[in-house]
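J.: Curious how this folds, go ahead:
(chains A and B)
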Amino acid sequence: MRTRLLYSRILARLGLVAGVAAVFAGCSEPAVKTLRVGNGADPQALDPHIVQGVPEHRIISTLLEGLVDTDRRTLEPVPAVASSWEISAGGTVYTFHLRPEARWSNGDPVTAHDFVYSWRRILTPTLAADYAYMLHCLKNGKAFNEGKLDDFSWVGAKALDDRTLEVTLEAPNPSFLSMQTYTAWYPVHQPTVEAFGRLDQRDNRWTRPGNFVGNGAFVLERWVPNNVIEVVKNDLYWNAGSVRLPRIQFYPIDNLLTEERSFRTGQLHLTETIPLTKVPVYVRERPDLIRIDPYLGTYFYRINVTRAPFTDVRVRRAFALALDREAIADRVMTGGQKPARTFCVPEAVGYACPVGIDYDVDEARRLLVEAGYPDGKGLPPIEILFNTNEAHKTIAEAVQRMWKENLDADVTLANQDWKVYLASQNTLNYQVSRASWIGDYNDPINFLDCFITDGGNNRTGWSSAEYDDLIHRASREPDPQARLELFAKAEAILLEEAPIIPIYHYTRTFLLSPDVIGWQSNILGYISFKHLDLRDSALEPRPVIRLKGRS
Amino acid sequence: MTRFIVNRLVEIVPVLFIIVTLVFFMIRLAPGGPFDTEKSAPPEVLENLEAYYHLDLPLYRQYLMYLGRLVHGDLGPSFKNSNFSVNELIALGFPVSLELGLYALAVALAIGLAAGISASLKPNSARDYVPMSLAMAGICIPNFVLGPLLVLVFALWLGWLPSSGWDGPLYKILPALTLGAAYAAYVARLTRGSMLEVLSQDFIRTARAKGLSEARVVLRHALRGGIQPVVSFLGPAAAGLLSGSFVIETIFQIPGLGRLFVQAAFNRDYTMILGTVLFYAFLILVFNLAVDVIEAFLDPRIREEHRDHA
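T.: Sure thing, here's the model as predicted:
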């Protein structure tokens, strides 16, 4: 009896707590259509000249706009701040005509001088911008960035007047216009940058909400690191009439499972990715929510050619030939990945990849015999290095099995923390290492440039004078078709010599709410937020998405 | 007593100094640096970057520079979050972790005390076995399992609560429950044990004989003695709650300090690692001091001990 009294008191208190919770639950958000985006990692910064990653690019491309944008389907250049442009006969001089109605979010006009200032800023050595090398294609851009040249007037960027910008390149570059969607080329507002710090100050506060002056379709409203970045429509944007979303929130959710759950409870309209194990579940039960798009990237293995037995090209080829890529793409990966027989992605526009590497066990065994390892006898143990991750492990296990079955090679697996793994690759402290390359822009040079002798992204110890020469010639070739042919020749050498083993071409798998209107996929995974909208029904609460399969 | 406190406060400085020194050199032993990425920038760009952050100087000079800044309370810029200083990031992250920790502590005490008291009133009955088995399970189930389970039930099946984020009161329920659960289990077991002991003592029988209500006997007389082991447990528990919320912050996408700390280690964000380690160390030292002082106030014997040693 007495204890019952005690319980009734406790229950009464619990009831009070529940009541308070119910009051809070009744609070609802103001009814503004808000697109909520899962954006992967927390952005490193919102300064276009400091950042380099995809999450940063997504946010900054809503806040700032370059000279040229790309058509979100074909990825062809379309006018942005520049309403038109001319290219000189030799392909090295571009003259851009800036639209008079382009304005900064404080009302100032966007001028050619803004671009000259911005490019000077990113190329300033003391700013130490990672992606400054994108502007090395400007005449003398590299020299200025390396501190060998102090006077920026020697660099190929000149404001002929407020609305005319003349750009001179070192060599013809068919990707120059497409590259303009990269944040490195975006303009910044000089008075704002200099009001909050120095030109070369990486922690300059001009990018904070309230300070940020941009020329994009949206303006920065809120930025809480590790939590949310919110942008709202910019009414001063030159094409504001076509922008439909009033507000976008970017959530830095780096945990895949958390992100997927947030999507199911309706907290996100768009995710960055989706856990591998959930792909088949969605494909089976909710194909209307999952998107599997081709993506300009290749998953491959690097081979350290400085260590036996891989000093012998026949052994490298044998290992490359003994991989059943179809099986890995279809059965190990489940997100529609395509087996990769080449390093460049075949969907890339206009480029005819060489034939590439087949799955040919007989040829692989024959090469091993030739190299002095009949039936794998005498082969030292091979170790596959990967950064700690379930998917990489699963693939490595499949590869391990195939090399054992096909070549009778003893293969072990080693996983390392991300930074340790990068250091191991950089110092060639590995035999075979998992790797990936995601293209910045749709051009073979962006892929093939990796493997020039001593290139920072080579990391295999491989070197070929012929390959270097082909890449060098291609990068100076004014005729687009001849240029692509040179690239194809170079890639054929790369695949023949096999310092790398392509495994599959990426797809981008993610979840997209049916409330989102105007979605357009492209191979760069480039999202044009100014073209998106939400259905009015997005304001209503949605039921939780239920899945029957593994969750 | 004042001398004891002053002595202990003075001791904090050399301890922090040793920690800074050890951590500063230890993190440089880890392979890989803050600017290693899958897409490597050209060497001249990397050189510029290292020069900007003075990473090109000899290590001892970097160390002296760091100490010089530290004396002024400046923890330096974050390498990863280029737009923010380490001071700012800690100032943003810590209140969130603190708030989460306090809720979790409240959960731990509310559930733990209620379950412990209830179990001790009817020992060896279902009312004892059920909550105590749950408490055992609570101690055994790691929070990275409990968290997603709670999300599954309350967010995905019932649709009552959001699955992640830190926007409003509703968002805070599941993380606080998850983080508090294991501590609630400890509190429940501690409370039950000591309550059983206290309830069997003579003064309780006297209180009952005098006709006091059971609620008064339990809450006023027995609990005062029964709660003492819980109070001693709260010191380390509070420190654990504040610094150990990394997993919860990741599962529920909470912008707290735990996540910043662990991400900094993954990113080799040297200044951020140092800053957070120092901050946590300072916090724990102050916390331990506070617990010692409180204990001294509660127990005259400890107070005497301090007097002897001081």
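
J.: Could you tell me which residues make contact with residue 264?
T.: This is for chain A. Residue A:264 sits next to A:544, A:545, A:546, A:547, B:156, B:163 when contact means Cβ atoms under 8 Å, 6 or more residues apart in numbering or on different chains. To be clear about C-beta, it is placed using only N, CA and C from the backbone, and glycine gets the same treatment.

J.: that answer is for a different chain, and I need it for chain B
T.: Per Cβ under 8 Å, 6+ apart, neighbours of residue B:264: B:78, B:80, B:272, B:273, B:276.

J.: Check residue A:260 too.
T.: A:271, A:274, A:275, A:278, A:511.

J.: Do I have it right that the third one meets residue A:255?
T.: No - distance between residue A:275 and residue A:255: 9.6 Å, which falls outside the contact criterion (Cβ atoms under 8 Å).

J.: Nearest residue to the residue in the stretch 351-500 of chain A that chain B sits nearest to in space, please, no chain neighbours.
T.: Here the stretch 351-500 of chain A gets closest to chain B at one residue, residue A:419, 2.9 Å apart by Cβ to the nearest Cβ. Spatial nearest neighbour of residue A:419, excluding adjacent residues (Cβ to Cβ, 6 or more residues apart in numbering or on different chains): residue B:32 at 2.9 Å.

J.: that's a helix at the one you found, yeah?
T.: No - going by DSSP: H, G, I helix; E, B strand; the rest coil, the assignment for residue B:32 is coil, not a helix.

J.: list the helices and strands the helix or strand hosting residue B:109 packs on?
T.: Following DSSP states H and E, one finds residue B:109 within helix B:86-121. Judged by 3 or more Cβ pairs under 8 Å, 6 or more residues apart in numbering or on different chains; DSSP states H and E, helix B:86-121 is in contact with helix A:2-26, helix B:126-140, helix B:173-199, helix B:223-226, helix B:228-243, helix B:246-251, helix B:257-267, helix B:270-298.

J.: That helix versus helix B:126-140: what angle between them?
T.: 150 degrees (axes from the mean of the first three to the mean of the last three Cα atoms, to 10 degrees).

J.: buried ones in helix B:86-121?
T.: By neighbour count on 16 or more other Cβ atoms under 10 Å in any protein chain shown, the buried set for helix B:86-121 is B:86-90, B:92-94, B:96-101, B:103-105, B:107-121.

J.: Report the mean confidence score over that helix.
T.: Helix B:86-121 carries an average pLDDT of 91.

J.: again, but for stretch B:4-13
T.: 86.

J.: Narrow the contacts of residue A:260 to just the buried residues.
T.: A:271, A:274, A:278, A:511.

J.: Show me what from the stretch 201-310 of chain B comes close to chain A.
T.: Contact residues, the stretch 201-310 of chain B versus chain A (Cβ under 8 Å from any Cβ of the partner chain): B:213-215, B:218-219, B:250-253, B:255-256, B:259-260, B:263, B:266-268.

J.: Just the buried ones from these, in PyMOL syntax?
T.: Typed into PyMOL, the line below selects the buried ones among those, using 16+ other Cβ under 10 Å:
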select buried, chain B and resi 214+215+218+250+251+252+253+255+256+259+260+263+267+268
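
J.: Under a three-state scheme, what state does the closest residue to residue A:438 other than its chain neighbours occupy?
T.: Nearest residue to residue A:438, sequence neighbours excluded (Cβ to Cβ, 6+ apart): residue A:297, at 3.9 Å. Under three-state DSSP, residue A:297 falls in the strand class.

J.: can you confirm residue A:168 is in a helix?
T.: No - using three-state DSSP, the assignment for residue A:168 is strand, not a helix.

J.: How many neighbouring residues does it have?
T.: 16 (other Cβ atoms under 10 Å in any protein chain shown).

J.: So the residue nearest to residue A:438 sits against residue A:436, correct?
T.: Yes - using Cβ under 8 Å, residue A:297 is in contact with residue A:436, at 6.2 Å.

J.: Output the below-cut-off pLDDT ranges for chain A.
T.: Within chain A, the stretches with pLDDT under 70 are A:1-30, A:348-349, A:550-551.

J.: so how far is chain A from residue B:204?
T.: Remark: distance between residue B:204 and chain A (Cβ to the nearest Cβ, to the nearest Å) = 13 Å.

J.: Just the closest residue of the stretch 151-300 of chain B to chain A, please.
T.: In the stretch 151-300 of chain B, the residue that lies nearest chain A is residue B:214 (2.7 Å; Cβ to the nearest Cβ).

J.: returning to that earlier point: okay, the helices and strands packed on helix B:86-121 in TSV with distance to residue A:527 next?
T.: Putting the helices and strands packed on helix B:86-121 into TSV (distance: least, Cβ to Cβ, whole Å) gives the following:
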stretch	distance to residue A:527
helix A:2-26	33
helix B:126-140	43
helix B:173-199	30
helix B:223-226	58
helix B:228-243	38
helix B:246-251	25
helix B:257-267	25
helix B:270-298	29
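
J.: measure residue A:173 to chain B for me?
T.: Taking Cβ to the nearest Cβ, one finds residue A:173 at 17 Å from chain B.

J.: How much space separates the residue nearest to residue B:52 when sequence neighbours are not counted from residue B:82?
T.: Computed as Cβ to Cβ, 6+ apart, the closest residue to residue B:52 that is not its neighbour in sequence is residue A:128, at 4.2 Å. Look at residue A:128 and residue B:82: by Cβ to Cβ, to the nearest Å, they are 10 Å apart.

J.: Which neighbours do these two have in common?
T.: Contact criterion Cβ under 8 Å, 6+ apart; residues shared by residue A:128 and residue B:82: residue A:202.

J.: For the helix or strand hosting residue A:413, list the C-alpha coordinates in CSV.
T.: Assigned by DSSP H and E, residue A:413 belongs to strand A:411-416. Coordinates of each C-alpha in strand A:411-416 appear next as CSV, following Å, rounded to 0.1, in the frame of the first residue of the first chain:
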residue,chain,number,x,y,z
VAL,A,411,47.7,-12.7,-50.9
THR,A,412,47.3,-11.1,-47.5
LEU,A,413,45.2,-8.0,-46.6
ALA,A,414,46.3,-5.0,-44.6
ASN,A,415,44.2,-2.1,-43.6
GLN,A,416,45.4,1.2,-42.3
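
J.: Partner strands of it, with direction?
T.: strand A:382-387 (parallel) (DSSP bridges).

J.: Export the contacts of residue B:264 to TSV and append columns for distance to residue A:65 and neighbour count.
T.: Formatted as TSV, these follow (distance: Cβ to Cβ, whole Å; neighbours: other Cβ atoms under 10 Å in any protein chain shown):
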residue	distance to residue A:65	neighbour count
B:78	28	28
B:80	26	22
B:272	32	28
B:273	37	26
B:276	37	27
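
J.: farthest pair in these?
T.: Spatial extent of these (Cβ to Cβ) is set by the pair B:80 and B:276 at 12.3 Å.

J.: Can you check what angle separates the helix or strand following the strand holding residue A:413 from strand A:382-387?
T.: Downstream of strand A:411-416, the first helix or strand assigned by DSSP H and E is helix A:418-426. On the basis of the same axes, to 10 degrees, helix A:418-426 is oriented at 140 degrees to strand A:382-387.

J.: which residues are contacting helix A:418-426?
T.: A:302, A:385-388, A:415-416, A:429-430, A:433, A:435, A:459, B:30-33, B:36-38, B:40, B:266-268.

J.: and the gap between the residue nearest to residue B:63 when sequence neighbours are not counted and chain A?
T.: Excluding its sequence neighbours, the residue lying closest to residue B:63 (Cβ to Cβ, 6+ apart) is residue B:24, at 5.6 Å. Here residue B:24 is placed at a distance of 17 Å from chain A (Cβ to the nearest Cβ).
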